[in-house]
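Here's a sequence, model it:
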Amino acid sequence: VAQLPTLPGYTLQNFGAADGLLSSEILSLHQDIKDFIWIGTRSGISRYDGRKFQNFEYIGNERIGAVHSIAEDKAGSLWISTETGLYHWNEKAFTHYAFSDEASFLPFTVIHFTNKGEAWIGTPKGPCFFSSLTKPAGQSLQKNLVPGWETIAKHDGSITAIHSSAKGVVFGAFVSVYLY
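Numbers count the residues shown, from 1 in each chain. Here you go, the predicted model:
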């Protein structure tokens, strides 16, 4: 790694697989309310506590795969959207939050929680809205897909980013940005 100049008050450290990081292909980052740094990689997710990495590549025999997005809900619970599904961290392990029809919606490209606690999940078919994710797993994504989005998805592809503000929810896709 080339020596880079530092900014006053900052130091630069470089971490890779040799340091314990699951993969050097980083897709997402998140610092949780307990100050852990979560690093979504192409192979799973790593948690950094300031000293060492704890890696999560499998849940039981189920491979997590590429972690596209990491978010916390209003209660401070961590969620990750991946190429294989949606996962919830319960302070000890990840559990798969399965949907009844998730196979036809994969990969989940982004998860976002609004200040109201609403959940938005980005998929190749469009954004799916849930008033909360406190209900048991097994809900239908198709029933929660934004109405009429199938027409947009044919031309613009997968949702790549979601952000909410006082003006509404903004969706980034491959070609355009949409305000809902």
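
Would it be right to say that residue 24 lies in a helix?
No - counting by DSSP: H, G, I helix; E, B strand; the rest coil, residue 24 is not found in a helix; it is coil.

was I right about residue 62 contacting residue 94?
No - at 9.6 Å, residue 62 and residue 94 do not qualify as touching, with contact defined as Cβ atoms under 8 Å. Using the backbone N, CA and C atoms, a C-beta is placed for each residue, glycine as well.

Which residue of those two possesses the greater neighbour count?
The residue with more neighbours, out of residue 62 and residue 94, is residue 94; 21 against 12, by other Cβ atoms under 10 Å.

In contact with that one, which residues?
Taking Cβ atoms under 8 Å, 6 or more residues apart in numbering, we find residue 94 in contact with 45, 56, 59, 64, 80, 87, 88.

so where's this protein uncertain?
Low-confidence segments of the chain (pLDDT under 70): 1-3.

Helices of that one, start to end?
For the chain, applying DSSP state H gives helices covering 149-156.

measure the residue nearest the centre of it to residue 28 for me?
Of all residues in the chain, the one closest to the mean position by Cα atoms, centre = their mean is residue 69, 2.0 Å from it. Spatial separation of residue 69 from residue 28 under the definition Cβ to Cβ, to the nearest Å is 5 Å.
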